[in-house]
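Chemist: would you be able to build a 3D model of this:
(one chain, ligands or ions: 2)
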Amino acid sequence: MSYRDTYAAWQADPEGFWMDAARRIDWDRPPSRAFFDQGPAGEWFADGMLNACWNAVDRHVESGRGDQVAIIHDSPITGTTGRITYADLRDRVAGLAGALRAQGIEKGDRVIIYMPMVPEALEAMLACARLGAIHSVVFGGFAAHELAVRIDDATPKAVLAASCGVEPGRTVSYKPLLDRAIDEAAHKPDFCVILQRDQDPAPMIPGRDLDWHDFRHGAEPADCVPVEGNHPAYVLYTSGTTGQPKGVVRHTGGHMVALAWSMKHVYDIDAGDVFWAASDVGWVVGHSYICYGPLTVGATTIVFEGKPVGTPDAAAYWRVIQNHRVKSFFSAPTAIRAIRREDPEGKLIGDHDLGRFKTLYLAGERADPDTIRWAEEKLGVPVIDHWWQTETGWPIVSNPVGIELLPVKHGSPSVVLPGYDVWILDEAGHPVAPGTLGAVAIKLPLPPGTLPTLWNAEDRFNKAYLSHFPGYYETGDAGYIDADGYLYVMARTDDVINVAGHRLSTGAMEEVLSAHPAVAECAVIGVADRLKGQLPLGLLCLKKGTNAPDAQVVREVVGMVRDRIGPVAAFKTACVVDRLPKTRSGKILRATMVKIADGEAFKTPATIDDPAVLTEIAAVLRMMGYPQRAGDGKG
Ligand code: COA
Ligand code: AMP
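Modeler: Numbering: from 1, shown residues only. Ligands and ions are numbered 1, 2, ... in the order given. All right, here's what the predicted structure looks like:
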């Protein structure tokens, strides 16, 4: 079937389409139907019973794939490589789940996972899934305060953590961050299980902390606990417009069905193939396409603990693709830009045998045509930009390579996938003509695998996603669709920025800056950066009578953001200004400042209070070297 036929088949009979897709999943009790008109935006496969760990692990052992490698851990940063077969994985996960159950973890309990890219992180996720416990993975680059916020929102019974992560040139001690987070949080988990790593073993708190290996040793293996199709598999926090992250809920049934469908039809992956997503378990890519997706279809997944450059060089990705015979590879444009900067001629690519490698997928930020062209030319494979979000859990718009490879248009992630009905709306919610820029919205209901609500925050879910355009889900992105049905995603419509493929909230950073005693008012904007796509830039107005030199305040706020949000925010640049440009009603004109910083043409908003402020801001930014300074991603 062609893409057009497949999309038309879904449009004609969405129920039949998704019930058919559900047959790729093992059910303890098959669902009686696909869509349930319940909850704030509908639910999928709600009366079916299944277990995500069974689908991702045990069923492959039962069907004779026990000796196949399930997980390859390739860690150039620690100089190790390891392999775990499906049979080993089943035993390890069943043992860990048994130990968790013996400590009181049951279906519905929350468990926070705070780990680097080690296979135990996937084992922890799967062990929770085995019991029907709801995991919430927190990215290692977040600081203690961010972890504390998530602990208070998810109220976990347990935390599973590693003693440290390893970044180029430094060891990141996770355990002190965890201790600080638990001190700060009002909610206290019953116990913590710590994976001690040789690079930085951590002191343990007696009565609370348990050693991972001792904990698991001798535990009675646990069987898979069937859960309802609408039982939450996990909660994953993502940036919104404020410092309080949104807890995206993923229901088990739709999650499994959508991942199995997309592994085949988007990523062209079948059982026995090797699939690699070079992301982190702390992001949605890690949940969907490092852990659950590849494993659910019986493929081999790679847990890569390293960077595109510097571990040790710009050949790291090509070495992994060659050595592990990767078929489809998923990365972020920023990583390809980093490689290109080190190896512009792509010489290191030529040193590797990439014969098995069929397709490169890019997501996480807009893929600039220049980077796509470079990758196409140097790699000689299709380079597929595709667009999706933490909220959707799987691609909304992609070239459906597993169905058919459509012509690639640089700058567009291609076409809308079955399940999604995407519209471009004007401010009043009316559809616009092809080629016209507007808000990208998806007509409800969203397909299986997407978020049914936010954890503990149904009102916020309604307000953030459903209220602006009634009958639609608001993506927060702006773009247009051309006459051939190709979508172009151009910008965010909110205060979310995208730094090296990481989604960050400028509002959260502003909250930190405002807490500095000398700061009267501030704004954080995302300015263009050649490597990371965007970088945050802080503009500070100081309180009258502040004695501290500007440079000192800037240094202090940079330290505060690193300390409270984490190094991943990459907040390294701020400047002091006399005034911020505002509308007459007092709204800070962030979008106009972004245009000035990026050297783009802009119109002075009619509602501006004092146009002279824009001239002042432009002068300060020019002095700082904007538009686009060195573009080295270091601010
Ligand atoms: N634990 C602790 N710290 C982490 C971390 C983790 N898991 N991940 C990143 N950090 C730290 C980094 O060490 C860095 O700290 P520094 O300020 O002391 O240098 C900071 O967070 C920013 O990290 P990063 O965004 O990775 O920038 P970088 O300059 O180290 O590397 C790239 C630049 C382009 C190589 C890198 O951003 C990259 O590989 N990006 C790909 C992102 C990706 O795959 N995203 C997935 C979305 S699909
Ligand atoms: P996250 O939830 O972290 O995956 O971030 C999702 C956001 O990243 C989207 O809403 C977009 O703003 C941006 N994004 C992701 N993929 C793309 C893409 N292929 N093109 C443009 N923007 C993208």
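Chemist: CA only for contacts and neighbour counts going forward, please
Modeler: OK.
Chemist: how near is Asp270 to Arg24?
Modeler: 12 Å (Cα to Cα, to the nearest Å).
Chemist: actually Glu600, not the one I wrote
Modeler: 49 Å.
Chemist: more neighbours: which of these two?
Modeler: Arg24 (15 against 11; other Cα atoms under 10 Å).
Chemist: that one and Gly253, how far apart?
Modeler: Arg24 is 11 Å from Gly253, where distance means Cα to Cα.
Chemist: swap in Pro14?
Modeler: Distance, Pro14 to Gly253, by Cα to Cα: 16 Å.
Chemist: neighbour count winner among the two?
Modeler: Counting neighbours by other Cα under 10 Å for Pro14 and for Gly253 shows that Gly253 has the greater number, 32 against 18.
Chemist: got the contact list for the more buried one?
Modeler: Neighbouring residues of Gly253 by Cα atoms under 8 Å, 6 or more residues apart in numbering: 44-46, 48, 50, 228-231, 448-449.
Chemist: at 7 Å what do you get?
Modeler: Residues in contact with Gly253, defined by Cα atoms under 7 Å, 6 or more residues apart in numbering, are 44-45, 229-230.
Chemist: next, it: phi, psi?
Modeler: The phi and psi torsions at Gly253 (degrees, to the nearest 10) take the values phi -60, psi -50.
Chemist: and it, how close does it get to ligand 2?
Modeler: 21 Å (Cα to the nearest ligand atom, to the nearest Å).
Chemist: can you pull the residues of this structure lying near ligand 2?
Modeler: Counting by Cα under 6 Å from any ligand atom, the residues of the chain close to ligand 2 are 363-367, 385-390, 413, 477, 489, 492, 502-503.
Chemist: of those, list those near ligand 1.
Modeler: Applying Cα under 6 Å from any ligand atom to those, those adjacent to ligand 1 are 363-364, 502.
Chemist: top of the residues you listed by number of neighbours, please.
Modeler: Highest neighbour count within these: Gly364, with 24 neighbours (other Cα under 10 Å).
Chemist: Tyr174: what's it in contact with?
Modeler: Applying Cα under 7 Å, 6+ apart to Tyr174 gives the contacts 162-165.
Chemist: what does Glu228 give?
Modeler: Contacts for Glu228 (Cα under 7 Å, 6+ apart) come out as 46-50.
Chemist: also Gly48?
Modeler: Counting by Cα under 7 Å, 6+ apart, Gly48 has contacts 27, 29-32, 228-229.
Chemist: and those residues, which of them are buried?
Modeler: For those, a burial check counting by 16 or more other Cα atoms under 10 Å picks out 27, 30-31, 228-229.
Chemist: go through these and name the one nearest ligand 2.
Modeler: Gly229 (23.3 Å; Cα to the nearest ligand atom).
Chemist: that closest one contacts Ala52, correct?
Modeler: No. Checked against Cα atoms under 7 Å, the pair Gly229 and Ala52 is beyond contact range at 9.9 Å.
Chemist: what residues do the two have in common as contacts?
Modeler: What both Gly229 and Ala52 touch, as defined by Cα under 7 Å, 6+ apart, is the set Thr252.
Chemist: mind pulling the model confidence for Thr242?
Modeler: Looking at Thr242, its pLDDT reads 81.
Chemist: what does Glu228 give?
Modeler: pLDDT at Glu228 comes out at 98.
Chemist: now do Val620
Modeler: On the pLDDT scale, Val620 gets 96.
Chemist: could you do Pro627 as well?
Modeler: Pro627 is assigned 87 on the pLDDT scale.
Chemist: got the contact list for it?
Modeler: 597-599.
Chemist: which residues touch the closest residue to it other than its chain neighbours?
Modeler: Closest residue to Pro627 apart from its sequence neighbours, by Cα to Cα, 6 or more residues apart in numbering: Asp598 at 4.7 Å. Asp598 makes contact with 527-528, 626-628 under the criterion Cα under 7 Å, 6+ apart.
Chemist: wait, Leu444 sits on Tyr472?
Modeler: Yes. The criterion here is Cα under 7 Å, and Leu444 meets it with Tyr472 at 5.2 Å.
Chemist: higher neighbour count, these two?
Modeler: Between Leu444 and Tyr472, counted using other Cα under 10 Å, the more crowded position is Tyr472 (23 against 16).
Chemist: in contact with the more buried one, which residues?
Modeler: Tyr472 is in contact with 441-444, 466, counting by Cα under 7 Å, 6+ apart.
Chemist: now the helices for the stretch 51-200 of the chain?
Modeler: Assigned by DSSP state H, counting those that start in this stretch, the helices in the stretch 51-200 of the chain fall at 52-53, 59-60, 86-102, 119-131, 144-154, 174-184.
Chemist: need the winner for burial among these.
Modeler: Of all those, helix 52-53 has the most neighbours on average by mean count of other Cα atoms under 10 Å, namely a mean of 29.
Chemist: any idea how far it is from the chain center?
Modeler: 20 Å (Cα atoms, centre = their mean, to the nearest Å).
Chemist: which strands or helices does that helix pack on?
Modeler: helix 119-131 (3 or more Cα pairs under 7 Å, 6 or more residues apart in numbering; DSSP states H and E).
Chemist: and the helix it packs on, what does it pack against?
Modeler: Using 3+ Cα pairs under 7 Å, 6+ apart, helix 119-131 is in contact with helix 52-53, helix 86-102, strand 134-137.
Chemist: which other residues reach the shortest one?
Modeler: If you take Cα under 7 Å, 6+ apart as the criterion, helix 52-53 is touched by 126, 129-130, 224, 252, 256.
Chemist: cutoff 8 Å now
Modeler: Residues outside helix 52-53 that contact it (Cα under 8 Å, 6+ apart): 126-127, 129-130, 224, 233, 252, 256.
Chemist: just the C-alphas of stretch 116-125, formatted as CSV.
Modeler: What follows is stretch 116-125, C-alpha atoms only, in CSV (Å, rounded to 0.1, in the frame of the first residue of the first chain):
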residue,chain,number,x,y,z
PRO,A,116,22.9,7.9,32.8
MET,A,117,23.0,5.9,29.6
VAL,A,118,23.6,2.5,31.1
PRO,A,119,21.5,-0.7,30.4
GLU,A,120,20.4,-0.7,34.0
ALA,A,121,18.3,2.4,33.2
LEU,A,122,16.3,0.4,30.7
GLU,A,123,16.1,-2.5,33.1
ALA,A,124,14.7,-0.2,35.7
MET,A,125,12.0,1.1,33.3
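Chemist: next, count neighbours for Ser585.
Modeler: Neighbour tally, Ser585, other Cα under 10 Å: 9.
Chemist: so which strand or helix has it?
Modeler: Using DSSP states H and E, Ser585 is not contained in any helix or strand.
Chemist: ok, back up a step: the helices and strands packed on helix 119-131: which one's closest to ligand 1?
Modeler: strand 134-137 (11.8 Å).
Chemist: and the stretch 151-300 of the chain, which residues reach ligand 1?
Modeler: Counting by Cα under 6 Å from any ligand atom, the stretch 151-300 of the chain sits next to ligand 1 at 165, 167, 172, 278-279, 285.
Chemist: hang on, I meant the chain
Modeler: 116, 140-141, 165, 167, 172, 278-279, 285, 307-309, 331-332, 334-335, 338, 363-364, 500-502, 567-568, 570.
Chemist: tell me which of these fall in strands.
Modeler: 165, 167, 172, 331, 502 (DSSP state E).
Chemist: tell me the bridge partners for the first one.
Modeler: Okay, so that is Gly165. Note on Gly165: beta-bridge partners by DSSP bridges are Val172.
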